[in-house]
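> Mind folding the following:
(4 chains)
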Number of protein chains: 2
Amino acid sequence: MRKTVLIFGALVLALLILFQLSKYSVLTGNTAIETVIAIIAIVFFVVGVLINKKVLHKQQNSNQEIDHKKIKDLGLSKREYEVLCEIAFGLSNKEIANKLFVSESTIKTHVSNVLVKLDAKRRTQAIQIAKNLQIIPQ
Amino acid sequence: MRKTVLIFGALVLALLILFQLSKYSVLTGNTAIETVIAIIAIVFFVVGVLINKKVLHKQQNSNQEIDHKKIKDLGLSKREYEVLCEIAFGLSNKEIANKLFVSESTIKTHVSNVLVKLDAKRRTQAIQIAKNLQIIPQ
DNA sequence: ATACAATTCATACTTTAGTATGAGTACTAA
DNA sequence: TTAGTACTCATACTAAAGTATGAATTGTAT
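Below you'll find the model as predicted:
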């Protein structure tokens, strides 16, 4: 956050300096008015593009990042979350069991717990809910 | 596409006019150099922001748009695709049947066909595959 | 008119998913 | 040390999902 303020301040300062430089170079007759306007136009165009890109980039991030806090708030254990991710990947209980080297009945227990904690009736609904809560990747 | 070209052309024209106007207003002494520079800066800043927003918006769209051609290529019928969407929404066969006003056995038939056409073993896997193929909303 | 695809439905069946209950182990914090 | 939590597993059960087959209806294109 401090970094953003510093960069923004430096940017404004640079622009002000550019502003003054261009004014004096015109008044002293060293530079044509067209050149100054062109430079100003290009500089501010680039600044506009960059600032906008940064803002939109943050918006995209907020849509993709996983909300680890929410996972804890839901009371999902580490293992339950693992199982949830494998469910979303489309695996069956038996396949998840093989992948995590435990028995199928263990997976069934985890799945049941996940469904309760996500307030879902089925694993497909759990996938939807988990995505809406942004606790699994889209 | 033609629309874009027209708008872009009009924009360039407007900027050129602004450019000329500002140059003459300074040379005839009607306007202070600071005012002109400020206006140019603001205008090009806004143009930069808007153009960037449009470009990024199209990129986002390409990640979100549904590939209707692929749906046809897979041989998915209208009804089968409807059922697929409801599956992805997390509904059970019975719930889908009630929503679409048909029997559960009809839904089972559709689901089976969807699984074959998507080469999926389970409905959860079908959701994953459909998302990767971009035939259902993320 | 007929062949074809899409939709609908049923029955019977197998497989997978999900629930309920109880229990053993291991690790951690009070 | 004990209470709590997470993880594991089993058994027995119910519910849902998925398969296979056959069949009737409807609209559409040749």
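> Over to A:Ile30. Which of the three states is it?
Careful, residue A:30 is Asn and not Ile. Following DSSP: H, G, I helix; E, B strand; the rest coil, the label given to A:Asn30 is coil.
> Quick check, pLDDT for it.
According to the prediction, A:Asn30 has pLDDT 70.
> Quick one: residues contacting A:Gly75.
Applying C-beta atoms under 8 Å, 6 or more residues apart in numbering or on different chains to A:Gly75 gives the contacts A:Lys117. C-beta: built from backbone N, CA, C; applies to glycine.
> My guess is A:Leu118 contacts A:Lys131. True?
No. Counting by C-beta atoms under 8 Å, A:Lys131 is not a contact partner of A:Leu118; they are 10.8 Å apart.
> Which secondary structure state does A:Ala120 sit in?
coil.
> Now do the phi/psi pair for it.
Per-residue torsions, A:Ala120: phi -120, psi 150 (degrees, to the nearest 10).
> List the residues that contact the closest residue to it other than its chain neighbours.
Once flanking residues are discounted, A:Ala120 sits nearest to A:Ala126: 4.0 Å by C-beta to C-beta, 6 or more residues apart in numbering or on different chains. Contact analysis of A:Ala126 by C-beta under 8 Å, 6+ apart lists A:Leu84, A:Ile87, A:Val114, A:Leu115, A:Leu118, A:Ala120, B:Gly90.
> which of those residues has the most neighbours?
For the contacts of A:Ala126, neighbours were counted using other C-beta atoms under 10 Å in any protein chain shown, and A:Leu84 has the most, 26 neighbours in all.
> and the residue nearest to A:Ala120, what pLDDT?
98.
> The host helix or strand of it and DNA strand C, are they touching?
Counting by DSSP states H and E, the element that carries A:Ala126 is helix A:123-132. Yes. If you take C-beta under 7 Å from any atom of the strand as the test, helix A:123-132 does meet DNA strand C, through A:Arg123, A:Thr124.
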